[in-house]
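1. structure for this input, please:
(chains A and B, ligands or ions: 2)
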Amino acid sequence: MAEVSLRKLRKTYGPVVAVEGVDLEIAKGELIVLLGPSGCGKSTTLRMVAGLETISDGKLHIGGRDVTALEPKDRDIAMVFQNYALYPHKTIRGNMSFGLKMRGTDTAEITKRVDAAAEMLDITHLLDRKPGQLSGGQMQRVALGRALVRDPAVFLLDEPLSNLDAKLRSRMREEIALLQRRIGKAMLYVTHDQTEAMTLADRIVIMRDGRVQQIGSPLEVYDRPANAFVAGFIGSPEMNLIDADLADGRLVLGEGVSLPAPSGLTRREGRVTVGMRPEAIAPAGEGLPFTIRGIEQLGSQTLFIGELAGRRLRVMTGRRDDVALGSGMRIAVPEAAIHLFDRESGERLTTGR
Amino acid sequence: MTRWLLPGFLGVGVLATLLLIVGPALYAVSLSFYDMPSLTADPVWVGFAKYAQVLASAAFWNALWNGIVYAGLAIVLQVVLGIGFALLLNQNFIGRSLLRGLAFLPYLLPTVVAVLVFKWMVDGSLGIVTILMDDWGLPPIYWFETETASMVSVIMISVWLWTPFVTTTFLAGLQTVPGQLYEAARVDGAGPIRQFFHVTLPSLRPILTVIILLRGVWMFNKFDVVWLATGGGPLGATEHLPVLSYREAFALYDIGSGAAIATLSFFVLMVAVAIYFRVFPMEQGK
Ligand SMILES: Nc1ncnc2c1ncn2[C@@H]1O[C@H](COP(=O)(O)OP(=O)(O)OP(=O)(O)O)[C@@H](O)[C@H]1O
Ligand SMILES: [Mg+2]
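-> Ligands and ions are numbered 1, 2, ... in the order given. Next up is the predicted model:
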């Protein structure tokens, strides 16, 4: 049975609908990432689960109990805030103990649990300091520790790494993943960083304008994005999305430039959007004509930005330093790498992989 | 040109301070070493005789004690009520901004007006308080006639006048406490009261320290409320050091004693402030 279950969760602020009909089941030990652009309702969803925001409509169950109307403290959750929200006047130990103290846990037990959590996070030497005397990364650990000692059914994290620099962020990301495997609890993690989502998640929930667009494992959403929005949001560099016309089994991209349409289409003709990942396009002896307008060297790879039939296209290849700006190149797109979406609704049109 | 600008401004500031603050203060202190029956009379050097005389008088110790009672109770009430009102005004309700504005009003009242209004309200025959208490069958209170009641009266007027200062300052401070701390406390299971003691109060401790210090100094030196309301009476029951000093100097024409009392009052305050800083350091150590 699911540890956490969100059923048709909805949040309105007066006439503004912030979140609409979110359905989600989180299993024990599962790490779910809520991903989406700014303002899409990720935090609002998380805060409804936490109980910091009232639920306008729908039901929320945690550990099999209906907690829709309960206070945060009665929901068996712990939360890690974006700005850590550590109590500035309490020591680190005081910060980590506070939740247990409020619950009337006895002192020996509190000490035991705080010590264990501090050990796990490698912050034992910081226990007597105040938050003001810590670095951002250390505060982040303490915030995690504060959640950890509570041993809740579900951990809620709202962009916990967004205040850290890139290097520290990727290290903390790994640590959170390890920690989560180790404690085996359900975790709901909010971010707008798709790399973070791809690397951390068991399943990703992609949101837009308060609605869920797709739920799936990182590779599922990468390989089979449910619509053009998801396709553009997942993957780095971004997927190329080009308008085309589908007719007679071919995708017409422009004057004299066309591709064979992939098999397994749910439609034979019409206005479509073609999606091609930059890394799925390869230079070839013969193929479509591609004019290079920009080159980004990434070290092991090279990203070409150029034109295909007058449209902007990005192509990622293995390292190349023999190509000049303005020169031409032939590129090939394997059939399996073509994603097709309805141009109006954005819905996916291909059925197979 | 600009090279002399900064020292120039600084010089003007220093000069003004010397001339307008340090000078008169030193002059006042110097007066306490002379016998001087009036401001125009020729001063006669008497050394510390005035201090000895003042310290030996019961009036001085009575006034010191009254000052401590008056300032102490007035501060405690102001701070407690002020924080209470600030917390109320910090809630979300309709007409909040209007009420926040209104709450500040008493602070704008001239002391004379406040004292007069209070006197009218408790007037023995016409006062609204007197009439209401009579209606409810309560025994009359002689607000300015008995010793305890008159102390209560001056404290009440002071609290009424200056609670808004505490409220406004504290309310402003409340806006600076990060909302996430309250959310964290809620998740941790702290109710409103524990949130106050674990989040609000510690966060506003520096502000509170300054409020209490400022209000304390002001209350201890406050002259006009007591002078206007009771004149120090009845029988010296509300006479504190500022009133005593004034009475000695300008009613009994003993300028030297008045100045000695003022100087002693200054030292008492200085010691109190020094102790206060020891007990409540402005900067959290460590
Ligand atoms: N108190 C509020 N009143 C009105 N609208 C609100 C309120 N809080 C949030 N919203 C709206 O709800 C929507 C979702 O906000 P939310 O904070 O959940 O976004 P988010 O996905 O977390 O974005 P970000 O990545 O920027 O944090 C936004 O359009 C926002 O303007
Ligand atoms: Mg957010």
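2. so does stretch B:179-199 get close to chain A?
-> Yes: with CB under 8 Å from any CB of the partner chain as the measure, stretch B:179-199 is seen reaching chain A through B:180-181, B:183-190, B:194, B:198-199. Every C-beta, even on glycine, is put in place using the N, C-alpha and C of the backbone.
3. and the end-to-end length of that stretch?
-> Chord length of stretch B:179-199, first to last residue, is 10 Å (CA to CA, to the nearest Å).
4. quick one: secondary structure of B:A184?
-> When the structure is reduced to helix, strand and coil (DSSP: H, G, I helix; E, B strand; the rest coil), B:A184 reads as helix.
5. pLDDT score for it?
-> pLDDT, the model's per-residue confidence, is 93 for B:A184.
6. look up phi and psi at B:S150.
-> B:S150 has phi and psi values of phi -70, psi -30 when expressed as degrees, to the nearest 10.
7. which stretches of the chain form helices?
-> No chain specified, so I'll use chain A. Per DSSP state H, chain A has helices spanning A:42-50, A:92-102, A:107-121, A:136-150, A:166-183, A:194-200, A:218-223, A:228-233. These are given in chain order.
8. my bad, chain B
-> Taking DSSP H as the criterion, chain B carries its helices at B:2-17, B:23-31, B:49-56, B:58-89, B:96-108, B:111-121, B:128-135, B:147-174, B:179-188, B:192-195, B:201-221, B:224-229, B:241-246, B:255-279.
9. can I get these in JSON lines with mean neighbour count?
-> Output for the helices of chain B, formatted as JSON lines (neighbours: other CB atoms under 10 Å in any protein chain shown):
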{"stretch": "helix B:2-17", "mean neighbour count": "10"}
{"stretch": "helix B:23-31", "mean neighbour count": "13"}
{"stretch": "helix B:49-56", "mean neighbour count": "17"}
{"stretch": "helix B:58-89", "mean neighbour count": "18"}
{"stretch": "helix B:96-108", "mean neighbour count": "13"}
{"stretch": "helix B:111-121", "mean neighbour count": "16"}
{"stretch": "helix B:128-135", "mean neighbour count": "13"}
{"stretch": "helix B:147-174", "mean neighbour count": "20"}
{"stretch": "helix B:179-188", "mean neighbour count": "21"}
{"stretch": "helix B:192-195", "mean neighbour count": "13"}
{"stretch": "helix B:201-221", "mean neighbour count": "17"}
{"stretch": "helix B:224-229", "mean neighbour count": "21"}
{"stretch": "helix B:241-246", "mean neighbour count": "23"}
{"stretch": "helix B:255-279", "mean neighbour count": "17"}
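10. which of these sits closest to A:R311?
-> The closest approach between A:R311 and any of the helices of chain B, judged by CB to CB, belongs to helix B:179-188 at 45.1 Å.
11. just the angle for that closest one relative to helix A:42-50, thanks.
-> With axes from the mean of the first three to the mean of the last three CA atoms, to 10 degrees applied, the angle from helix B:179-188 to helix A:42-50 works out at 30 degrees.
12. for helix B:179-188, which outside residues touch it?
-> Helix B:179-188 is touched from outside by A:50-52, A:71-73, A:77-79, A:81-83, A:85-87, A:98-99, A:102, B:194-195, B:198-199, B:203, with contacts defined as CB atoms under 8 Å, 6 or more residues apart in numbering or on different chains.
13. and the angle for it with helix A:92-102?
-> Counting by the same axes, to 10 degrees, helix B:179-188 lies at 50 degrees to helix A:92-102.
14. distance from helix B:179-188 to the middle of the chain?
-> Put simply, helix B:179-188 sits 36 Å off its chain's centre (CA atoms, centre = their mean, to the nearest Å).
15. now do the contacts for the residue nearest to B:R194 when sequence neighbours are not counted.
-> Counting by CB to CB, 6 or more residues apart in numbering or on different chains, the nearest residue to B:R194 once its immediate chain neighbours are dropped is A:M102, at 6.7 Å. Taking CB under 8 Å, 6+ apart as the criterion, A:M102 is in contact with A:73, B:188-190, B:194.
16. same check, this time on B:P140
-> With contacts defined as CB under 8 Å, 6+ apart, B:P140 is in contact with B:124, B:130, B:133-134.
17. of all the residues you listed, which comes closest to A:L298?
-> Proximity of the contacts of B:P140 to A:L298 (CB to CB) peaks at B:M133, which lies at 85.4 Å.
18. distance of that closest one from chain A?
-> Here the distance between B:M133 and chain A works out to 45 Å (CB to the nearest CB, to the nearest Å).
19. and the closest residue in space to that residue that isn't next to it in sequence, how far from ligand 1?
-> Closest residue to B:M133 apart from its sequence neighbours, by CB to CB, 6+ apart: B:P140 at 6.6 Å. In this structure, B:P140 lies at 54 Å from ligand 1, with CB to the nearest ligand atom, to the nearest Å as the measure.
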